[in-house]
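Enquirer: got a predicted structure plus its sequence, pasted below:
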Amino acid sequence: RGLGPSLAMGGAVSSRASAPAAAAARIVDGEAAVLERAGALLLARPVQAARVRQRLSTVPIVAVLAKSGTGKSTFVAQLVRELRGGVSGEGARFDVVHVVFVGAAEGSTSLFRVLGALCAALAADHAAAAAKAKARAADAGEGGGGYGSDEEEAAAALAAAAAAPPHDLLGLSGLLERLLQALCAPGPLARRVLLCVDALNELEGGAARALGWLPARLPAGCSLLLTSISGGDNGGDADVADVLAALQRRYGLAPSPPGDGDGSSSASGSESGVVVLDDLAPAEQVQLLQLLSGREVGEAATEALALKRDRCSPLYLRLLAPQLAAAAAAVGGSATGATDATDATAAAAAAAAAAAAAVVSDFPGRVMEVYDRVLAALDAAHPEAARLLLSSVYVSGGGMFAAQLRELLQPLLGGGKGGGGGDSGGCGGAAAA
């Protein structure tokens, strides 16, 4: 974070000069990349997903809050995918759904780039809606379809404004509101629109986190789904406090903080539109760890896991999984002195279970401690690699995949010493590098 101000200032200048369309496209609607990075191994949270959908059908703005590392982004990515696919059951329905995962793509922590990308996406939606309405009117004949010269002129004016967007945040926020009003206005172009911004606390700058760039009042037919960290180890961060205060001040959303990290389930939030993601239950922790490691988690390892402070965090379990898999594999076929194949199999399984329990017992209890251990080892043996690791993660905005990071670091780590994380993905692969 110490590098943030200088990089942020440089990024702001270059983004105003030219923000490539490809970069803008990556900033908006990147749920596929988020799910890919999660390895598509998601624990179903149908109750909480249904709760969010129900809230979206009754209130225009919903805030999803969770402790850092509880799988908030993957939950939102899966929810957005379901909303786009017209999930069955009760809840809101939308014609247009756009999502920004702040920090998941290059430039996505810059409010200027986020606003520009959202405006570009909504302008394309409006142009498509206008083209369909015009075609329907042509099919219906003169005076039919509800789309006449006035509507066509208004659509052309808005398209012209979107084609030459403002070069300041105030102008872009005004264009965003204008596009939402045009898309949601009653008439032949009317659409139900959902905008989702995940990890508001990762936006750069106090003005961005004050949320003044979002409409204070939404047009009918438009909804916002906003997420932020709340509670946990990072709950006291000033950026988090800025966002939570803005949610309450601007939209009247008073969050109920999650638990303090003891693994207990937290309240689901008030009926005003706050949904707090619960911690993973013990059975879910074991289930996810088995999915990630490809190994059974025995009773001893489960008991050792229960003593870890961050055991409810999918990120923590992802970091642990490669170690667990490697330990079990290393002793899987090492049993000796067995009288037959059955005894050999049983002995190998027992040895693997013991190794897994030992690994979990020795593994640090918190994500922060895992990173501290990795960085200390890198700094001692490869100080340049440690600096490169931190810089790469920051500059990529969290958008660098583990394989790319390993490839970048291998020359400094001795060529063939690639990470042992395999396909674990995410930060686990980076740590293994």
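Expert: Right, received. Where do you want to start?

Enquirer: so G365 sits against K308, correct?
Expert: Yes - the pair G365 / K308 is scored as a contact, 4.4 Å apart, by C-beta atoms under 8 Å. All C-beta spots, glycine's among them, are computed from the backbone N, C-alpha and C.

Enquirer: name the residue in the two with the higher neighbour count.
Expert: Between G365 and K308, counted using other C-beta atoms under 10 Å, K308 has the larger neighbour count: 21 against 14.

Enquirer: right, and the more buried one touches Y316 too?
Expert: Yes - under the criterion of C-beta under 8 Å, K308 makes contact with Y316 at 7.1 Å.

Enquirer: which residues are in contact with both of those two?
Expert: Common neighbours of K308 and Y316 (criterion: C-beta atoms under 8 Å, 6 or more residues apart in numbering): R366.

Enquirer: quick check: A117 vs V102, distance?
Expert: Using C-beta to C-beta, to the nearest Å, one obtains 11 Å as the distance from A117 to V102.

Enquirer: next one: G231
Expert: 19 Å.

Enquirer: how about A347?
Expert: Counting by C-beta to C-beta, the gap from A347 to V102 is 50 Å.

Enquirer: more neighbours, those two?
Expert: Under the criterion of other C-beta under 10 Å, the comparison of A347 against V102 puts V102 first, with 25 against 16.

Enquirer: isn't the more buried one right up against S108?
Expert: Yes - using C-beta under 8 Å, V102 is in contact with S108, at 5.4 Å.

Enquirer: what do the two both touch?
Expert: With C-beta under 8 Å, 6+ apart as the test, V102 and S108 both reach V114.

Enquirer: and the pLDDT for A199?
Expert: A199 carries a pLDDT score of 91 in this model.

Enquirer: enumerate every residue touching the nearest residue to it once chain neighbours are set aside.
Expert: Nearest residue to A199, sequence neighbours excluded (C-beta to C-beta, 6 or more residues apart in numbering): V102, at 4.3 Å. With contacts defined as C-beta under 8 Å, 6+ apart, V102 is in contact with S108, T109, V114, V197, D198, A199, L200, E202, L203.

Enquirer: among those, which are in strands?
Expert: Cross-referencing the contacts of V102 against strands under DSSP state E gives V197, D198.

Enquirer: now the strands for the stretch 201-350 of the chain?
Expert: For the stretch 201-350 of the chain, applying DSSP state E, counting those that start in this stretch gives strands covering 222-229, 274-276.

Enquirer: now those strands as JSON lines including distance to A128 and mean pLDDT?
Expert: Formatted as JSON lines, those follow (distance: least, C-beta to C-beta, whole Å; pLDDT from 0 to 100):
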{"stretch": "strand 222-229", "distance to A128": "17", "mean pLDDT": "93"}
{"stretch": "strand 274-276", "distance to A128": "31", "mean pLDDT": "90"}
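
Enquirer: closest one to A330 among those?
Expert: strand 222-229 (36.7 Å; C-beta to C-beta).

Enquirer: who touches the closest one?
Expert: Strand 222-229 is contacted from outside by 52, 56, 60-68, 72-73, 76, 92, 94, 99, 180, 183-184, 192-201, 214-215, 218, 235, 237, 240, 243-244, 247, using C-beta under 8 Å, 6+ apart.

Enquirer: low-confidence ranges in the stretch 251-400 of the chain?
Expert: Scanning the stretch 251-400 of the chain for pLDDT under 70 picks out 255-272, 331-342, 344, 389-400.

Enquirer: residue ranges with poor pLDDT in the stretch 1-150 of the chain?
Expert: Along the stretch 1-150 of the chain, the model assigns pLDDT under 70 to residues 1-25, 36-44, 85-92, 141-147.

Enquirer: could I get the full set of strands for it?
Expert: Ranges of strands in the stretch 1-150 of the chain, per DSSP E, counting those that start in this stretch, are 61-66, 96-101.

Enquirer: my read: L122 touches E177, true?
Expert: No - applying C-beta under 8 Å as the test, L122 and E177 come out as separate, 10.3 Å apart.

Enquirer: show me what counts as buried in stretch 214-222.
Expert: For stretch 214-222, a neighbour-count test (16 or more other C-beta atoms under 10 Å) marks L214, P215, L218, P219, G221, C222 as buried.

Enquirer: now, which of these sits nearest L253?
Expert: L214 (12.2 Å).

Enquirer: grab the nearest non-local neighbour of that closest one.
Expert: Nearest non-adjacent residue to L214, counting by C-beta to C-beta, 6+ apart: L224, 6.7 Å away.

Enquirer: from A208, how far out is that neighbour?
Expert: L224 sits 15 Å away from A208, going by C-beta to C-beta.

Enquirer: these two: who's more crowded?
Expert: Regarding L224 and A208, a neighbour count based on other C-beta under 10 Å identifies A208 as having more, with 25 against 22.

Enquirer: which pLDDT value goes with that one?
Expert: pLDDT for A208: 92.

Enquirer: so who does the spatially closest residue to it that is not a sequence neighbour touch?
Expert: Spatial nearest neighbour of A208, chain neighbours left out: L111 (3.9 Å); criterion: C-beta to C-beta, 6+ apart. Neighbouring residues of L111 by C-beta under 8 Å, 6+ apart: L169, L203, E204, G205, A207, A208, W213.

Enquirer: gap between L111 and P60?
Expert: Counting by C-beta to C-beta, the gap from L111 to P60 is 21 Å.

Enquirer: number of residues surrounding R51?
Expert: When counting by other C-beta under 10 Å, one arrives at 18 neighbours for R51.

Enquirer: just to revisit the earlier point, higher neighbour count, L122 and E177?
Expert: L122 (25 against 18).

Enquirer: excluding chain neighbours, what is closest to that one?
Expert: Counting by C-beta to C-beta, 6+ apart, L122 lies nearest to L179, which is 4.1 Å off, once chain neighbours are set aside.

Enquirer: the one you found - how many residues pack around it?
Expert: L179: 22 neighbours (other C-beta under 10 Å).

Enquirer: distance of it from A161?
Expert: For L179, the distance to A161 - C-beta to C-beta - is 9 Å.

Enquirer: can you lay out the contacts of V102 as JSON lines showing distance to R373 and neighbour count?
Expert: JSON lines is the format used below for the contacts of V102 (distance: C-beta to C-beta, whole Å; neighbours: other C-beta atoms under 10 Å):
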{"residue": "S108", "distance to R373": "29", "neighbour count": "27"}
{"residue": "T109", "distance to R373": "27", "neighbour count": "25"}
{"residue": "V114", "distance to R373": "34", "neighbour count": "26"}
{"residue": "V197", "distance to R373": "33", "neighbour count": "23"}
{"residue": "D198", "distance to R373": "29", "neighbour count": "27"}
{"residue": "A199", "distance to R373": "26", "neighbour count": "23"}
{"residue": "L200", "distance to R373": "30", "neighbour count": "24"}
{"residue": "E202", "distance to R373": "25", "neighbour count": "22"}
{"residue": "L203", "distance to R373": "30", "neighbour count": "26"}
